[in-house]
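Participant: What follows is a predicted structure for the sequence shown.
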Amino acid sequence: LFPGRWIFPPLGDFITFPPENFLIGLSFYLYSNTPPVWDHTSVTGALTPWDERSETEQTIALEVLLHGPLARSALARRLGLSPASLTRLVGPLVADGLLEETSDYGTSPSGRPTRPLQVVAAAGYFLGVRLTPDAAHAVITNFRAEILSSARTPLPATDPDTVVSTIADLVERLRAEQGVVPNRVGVSIGGLVEAHTTIRSATFFGWHNPVDLAALVRKATGIPTVLDNDVMALTRAQSWFGHGRGIDRFAVVTLGIGVGLGIVMHGELVESSDTGLGLAGHFPLDPAGPLCPAGHQGCAQAMLTDEAVAARTSVALRRPVTYDEALDLAGHGQPAAKAVVDQAGRALGRLVAAIANLTTCHLMLVTGEGARLAEAASQALHDQITVDRNPAAAPIRILTPHLTADDWAQGPAVLAIQTLVRPLGT
């Protein structure tokens with residue numbers, strides 16, 4: 001039912017200047033089925049109704065979690081089981097509090113009323129924490145990833161001891177507020193994460209040496225902990241429970257202080273050991289564009305970040321201008337601001353078209369603090385997509401959801417759920 005996970009290099013793995021190497025590299029790897037990079041052998045925690053279930057029972061429950069509520073007839077068809085077999089297998093799952101019937105009635109193919117199955121929300125609790133250099137934002141969710149409550153606290157410093165102490169305080173606050181013990185904790189950060197346990201580097205935190213953050217948080221909280229890059233965690237949540245639920249392939253592009261990219265192919269998140277290096281941020285978009293701090297001309301970092309747009313507008317107007325002000329001025333027709341914003345819009349269109357051309361993803365979620373660019377420069381964005389796409393290619397659907405701090409913190413909570421229902425390495 002669930003073949004080996006498909007692991008791909010991220011789009012930046014082969015990016016050099018010129019970009020032809022990127023095309024060669026991605027075409028070589030795009031459909032290779034390589035071993036997964038997750039390591040969950042050390043992740044155990046408080047027992048839930050999920051534990052000690054047979055593989056077949058867990059497969060049934062996972063199908064309901066990902067696609068439910070599901071009528072028994074639909075569930076049997078999806079899994080290739082006879083109605084009698086499904087009834088025999090579902091019975092213990094309902095009795096043990098992992099699955100339940102919804103209060104809404106449906107109609108079976110025979111015309112009889114039926115009550116769809118769903119995962120019991122209280123079958124487990126998971127806590128997600130998203131770290132930024134100035135704050136930690138946490139949510140606690142139930143087994144269906146529904147957010148029960150959230151909390152935010154400033155980070156007085158970014159050293160590991162302060163970060164761990166802040167996370168522990170948030171865990172205790174939400175645990176006391178909800179009166180439950182989380183089964184697992186997930187933490188996300190803008191950095192390079194190794195084996196979902198160690199931060200290899202996090203530039204914005206000043207961490208340039210490995211930090212075994214998962215072990216430190218587990219020691220401080222007593223709860224098994226896993227780590228993720230923040231864009232990867234957000235993409236997980238969108239794939240399982242958000243705008244990408246049930247969609248075979250899609251991409252998430254985040255704009256803000258940097259440019260992030262998450263890709264789902266064949267229903268699986270694309271991961272590699274390079275995830276978190278920000279490689280997509282240096283994808284070349286405009287050979288005549290400005291330089292980024294690394295010296296790349298016209299790359300995504302130089303064209304699309306808040307700082308880049310604000311800086312170019314400030315130079316043009318000979319005064320300091322913020323990112324939002326630049327977009328506002330462009331919207332009101334100020335010539336210099338409009339030129340800068342339209343140039344950024346064309347660059348975003350080129351990036352979106354490149355992702356679609358190389359991955360055949362037809363859904364793009366553009367989000368993050370700087371996602372307003374997709375709306376402010378909508379015409380320029382779509383014009384560039386038209387130039388860069390084959391006219392016969394399927395249209396690209398671009399969504400610009402306003403994802404909140406809660407949504408970002410839900411990402412590592414979803415990773416925590418995944419470590420229970422699909423142990424890393426399976």
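Facilitator: That came in fine, so what should we check first?

Participant: Would you map the helices across the stretch 251-400 of the chain?
Facilitator: 300-304, 306-317, 323-331, 335-359, 373-376, 378-388 (DSSP state H, counting those that start in this stretch).

Participant: among the ones you listed, which is nearest Gly124?
Facilitator: Nearest of these to Gly124, taken as C-beta to C-beta: helix 335-359 at 33.0 Å. (C-beta placed from N, C-alpha, C; glycine too.)

Participant: Just want the angle from the closest one to helix 323-331.
Facilitator: Comparing the axes of helix 335-359 and helix 323-331 via axes from the mean of the first three to the mean of the last three C-alpha atoms, to 10 degrees yields an angle of 100 degrees.

Participant: can you give me the angle helix 335-359 makes with helix 378-388?
Facilitator: Interaxial angle, helix 335-359 versus helix 378-388 (the same axes, to 10 degrees): 40 degrees.

Participant: Now stretch 69-76: buried residues?
Facilitator: 69-76 (16 or more other C-beta atoms under 10 Å).

Participant: wait, I meant stretch 49-67
Facilitator: Within stretch 49-67, judged by 16+ other C-beta under 10 Å, the buried ones are 49-50, 53, 57-66.

Participant: can you check stretch 284-293 too?
Facilitator: By neighbour count on 16+ other C-beta under 10 Å, the buried set for stretch 284-293 is 284-286, 289-290, 292.

Participant: And for stretch 206-226?
Facilitator: With burial defined by 16+ other C-beta under 10 Å, the residues of stretch 206-226 counted as buried are 207, 211, 213-214, 216-218, 220-221, 223-226.

Participant: Now do Thr359 against Trp240, distance only.
Facilitator: Look at Thr359 and Trp240: by C-beta to C-beta, to the nearest Å, they are 19 Å apart.

Participant: Point out where the stretch 1-150 of the chain drops to low pLDDT.
Facilitator: Counting by pLDDT under 70, the stretch 1-150 of the chain has low-confidence residues at 1-47, 105-113.

Participant: can you give me the strands in it?
Facilitator: Counting by DSSP state E, counting those that start in this stretch, the stretch 1-150 of the chain has strands at residues 99-101, 106-107, 113-114, 117-119, 125-132, 135-142, 147-154.

Participant: For the stretch 201-350 of the chain, which segments count as strands?
Facilitator: 225-229, 250-255, 259-265, 268-269.

Participant: Could you figure out how far the longest one is turned away from helix 335-359?
Facilitator: Relative orientation of strand 259-265 versus helix 335-359 (the same axes, to 10 degrees): 30 degrees.

Participant: and strand 259-265, what other elements does it pack with?
Facilitator: With contacts defined as 3 or more C-beta pairs under 8 Å, 6 or more residues apart in numbering; DSSP states H and E, strand 259-265 has these neighbours: helix 230-241, strand 250-255, helix 300-304, helix 335-359.

Participant: could you redo the last one with a cut-off of 7 Å?
Facilitator: helix 230-241, strand 250-255, helix 300-304 (3 or more C-beta pairs under 7 Å, 6 or more residues apart in numbering; DSSP states H and E).

Participant: of all the buried residues of stretch 284-293, which comes closest to Leu99?
Facilitator: Of all these, Leu99 sits closest to Leu285, with 47.9 Å by C-beta to C-beta.

Participant: Quick check: closest non-adjacent residue to the closest one.
Facilitator: Nearest residue to Leu285, sequence neighbours excluded (C-beta to C-beta, 6 or more residues apart in numbering): Ala347, at 4.3 Å.

Participant: isn't the one you found right next to Ala302, touching?
Facilitator: No: using C-beta atoms under 7 Å, Ala347 makes no contact with Ala302, being 8.8 Å away.

Participant: What mean pLDDT does stretch 367-385 get?
Facilitator: Across stretch 367-385, the average pLDDT comes to 96.

Participant: ok now that stretch, how far from the chain's centre?
Facilitator: The chain centroid and the centroid of stretch 367-385 are separated by 20 Å under C-alpha atoms, centre = their mean, to the nearest Å.

Participant: With distance to Val90, mean pLDDT and mean neighbour count added, can I get the helices and strands packed on strand 259-265 in JSON lines?
Facilitator: Shown next, in JSON lines, are the helices and strands packed on strand 259-265 (distance: least, C-beta to C-beta, whole Å; pLDDT from 0 to 100; neighbours: other C-beta atoms under 10 Å):
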{"stretch": "helix 230-241", "distance to Val90": "22", "mean pLDDT": "96", "mean neighbour count": "26"}
{"stretch": "strand 250-255", "distance to Val90": "31", "mean pLDDT": "97", "mean neighbour count": "26"}
{"stretch": "helix 300-304", "distance to Val90": "48", "mean pLDDT": "97", "mean neighbour count": "27"}
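
Participant: Quick one: closest of those to Pro391.
Facilitator: Closest among the helices and strands packed on strand 259-265, using C-beta to C-beta: strand 250-255, at 21.3 Å.

Participant: Make JSON lines out of the helices and strands packed on strand 259-265 and add distance to Leu420.
Facilitator: Formatted as JSON lines, these follow (distance: least, C-beta to C-beta, whole Å):
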{"stretch": "helix 230-241", "distance to Leu420": "13"}
{"stretch": "strand 250-255", "distance to Leu420": "23"}
{"stretch": "helix 300-304", "distance to Leu420": "35"}
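
Participant: now for the ones you listed, which one comes closest to Val315?
Facilitator: Nearest to Val315 among the helices and strands packed on strand 259-265 is helix 300-304; the distance by C-beta to C-beta comes to 13.3 Å.

Participant: For that closest one, which outside residues touch it?
Facilitator: Residues from elsewhere that reach helix 300-304 (C-beta atoms under 7 Å, 6 or more residues apart in numbering): 255, 258-259, 280-283, 285-286, 289-292, 296, 308, 344, 347-348, 351, 373.

Participant: next one: stretch 328-342
Facilitator: Outside stretch 328-342, the residues touching it (C-beta under 7 Å, 6+ apart) are 309, 312-313, 316-317, 326-327, 376-377, 380.

Participant: Return the member of those residues nearest to Arg152.
Facilitator: Arg152 has its nearest neighbour among the contacts of stretch 328-342 in Leu327, at 25.9 Å by C-beta to C-beta.
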